[in-house]
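# no sequence for this one, just the structure:
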């Protein structure tokens, strides 16, 4: 991996480094004192401050401050980057045409500039996802309730897609909502909307009892308020952690009470 880093470059030095990095297709990070302007579907201005600008070879541009994990300004992949020195400032412009948007960062001083060749793309293996939970439940449906039989995944309803829809050993409908993290009342509300949507669908079906639709929330743990709401609605909670052990199996757990909502 090739990495070029310069500290306190002049504006001209910064321009040379950035233009060379553009030609190589490098990822570029620039930390310095700057202002930021955006114009397009709306408009915004950031006054002078020390910020981090990241320019990716796919056209994405991200402006980070000292707060939060998401950028305060950005341009999506497919944008075009330009650099120049004008009016005593080093300027970086990222723009796209559809829709017409421009992000302009004006540096009065560059503290550090780095250019690096990053490869590997998005060949990413995710672990501990909701898909892991889905796979586990489909492989071992008895984890939901004895005799549970999955019938459909991502079943479309008026409230949105249900993660897993099935029937219990009595033949009554069961709606299963999967969450990979500790959850609060919002997750219970989401499950309730799915249950109500299924009840509405089955209301005109004489072979099914709409009132018998049951809800099950699968998540590592719940907040106290969420547990109370589940009990009030007559729903169940199945504690499953989407994490593999040494044998590649998944662990059922009572949840980590120290996790935040």
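Sure thing, it's come through. Source: prediction; values computed, not measured. Numbers count the residues shown, from 1 in each chain.

# in this structure, which ranges drop under the pLDDT threshold?
Scanning the chain for pLDDT under 70 picks out the ranges 1, 120-128, 204-211, 243-261.

# in its sheet, what does the lengthiest strand in the chain sit against?
Secondary structure of the chain per DSSP state E: the longest strand is strand 101-116. Applying DSSP bridges, strand 101-116 is found paired with strand 3-7 (antiparallel), strand 27-39 (antiparallel), strand 89-96 (antiparallel).

# just the helices in the protein please.
Under the criterion DSSP state H, the chain contains helices at 11-24, 130-139, 185-202, 224-233.

# Just name the most buried of the ones you listed.
Among the helices of the chain, ranked by average contacts under mean count of other C-beta atoms under 10 Å, first place goes to helix 185-202 (a mean of 19). For the C-beta atoms, the positions are set from N, CA and C on the backbone; glycine is no exception.

# before we move on, the earlier item: looking at the helices of the chain, which is closest to residue 107?
Comparison of the helices of the chain against residue 107 by C-beta to C-beta identifies helix 11-24 as nearest, at 7.3 Å.

# centre of the chain versus the closest one, how much separation?
Computed by C-alpha atoms, centre = their mean, to the nearest Å, the chain-centroid distance of helix 11-24 equals 32 Å.

# which other residues reach that helix?
Here helix 11-24 makes contact (C-beta atoms under 8 Å, 6 or more residues apart in numbering) with 2, 4, 6, 9, 28, 30, 55, 81, 83-85, 88-90, 92, 107, 110, 113, 115, 117.

# from what I can see residue 152 touches residue 165, true?
Yes. At 4.7 Å, residue 152 and residue 165 qualify as touching, with contact defined as C-beta atoms under 8 Å.

# Between these two, tell me which one has more neighbours.
residue 165 (20 against 11; other C-beta atoms under 10 Å).

# got a list of what the more buried one touches?
The contact partners of residue 165, by C-beta under 8 Å, 6+ apart, come to 150, 151, 152, 153, 155, 173, 174, 175, 176, 198.

# Go through the longest strand of the chain and flag the buried ones.
Across strand 101-116, burial judged by 16 or more other C-beta atoms under 10 Å covers 101, 103, 104, 105, 106, 107, 110, 113, 114, 115.

# Check stretch 151-169 too.
153, 155, 157, 159, 162, 163, 164, 165, 166, 167, 168.

# Which residue is the nearest non-sequential neighbour of residue 115?
residue 21 (3.6 Å; C-beta to C-beta, 6 or more residues apart in numbering).

# let me fix that: residue 138
That would be residue 150: by C-beta to C-beta, 6+ apart, it lies 5.6 Å from residue 138.

# now residue 38
Distance criterion C-beta to C-beta, 6+ apart; nearest residue to residue 38, sequence neighbours excluded, is residue 44 at 4.6 Å.

# Contacts only, for residue 113.
By C-beta under 8 Å, 6+ apart, the contact list for residue 113 reads 5, 6, 9, 14, 17, 18, 28, 29, 30, 31, 32.

# Tell me how far it lies from residue 239.
Distance, residue 113 to residue 239, by C-beta to C-beta, to the nearest Å: 49 Å.

# Please apply the same query to residue 72.
38 Å.

# now swap in residue 180 and tell me
Counting by C-beta to C-beta - residue 180 and residue 239 are separated by 12 Å.

# intersection of neighbour lists for those two?
In contact with both residue 180 and residue 239: 219, 220, using C-beta under 8 Å, 6+ apart.

# picking up where we left off before, can you convert the helices of the chain into JSON lines and add a column each for distance to residue 48?
Below are those laid out as JSON lines (distance: least, C-beta to C-beta, whole Å):
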{"stretch": "helix 11-24", "distance to residue 48": "16"}
{"stretch": "helix 130-139", "distance to residue 48": "43"}
{"stretch": "helix 185-202", "distance to residue 48": "39"}
{"stretch": "helix 224-233", "distance to residue 48": "44"}
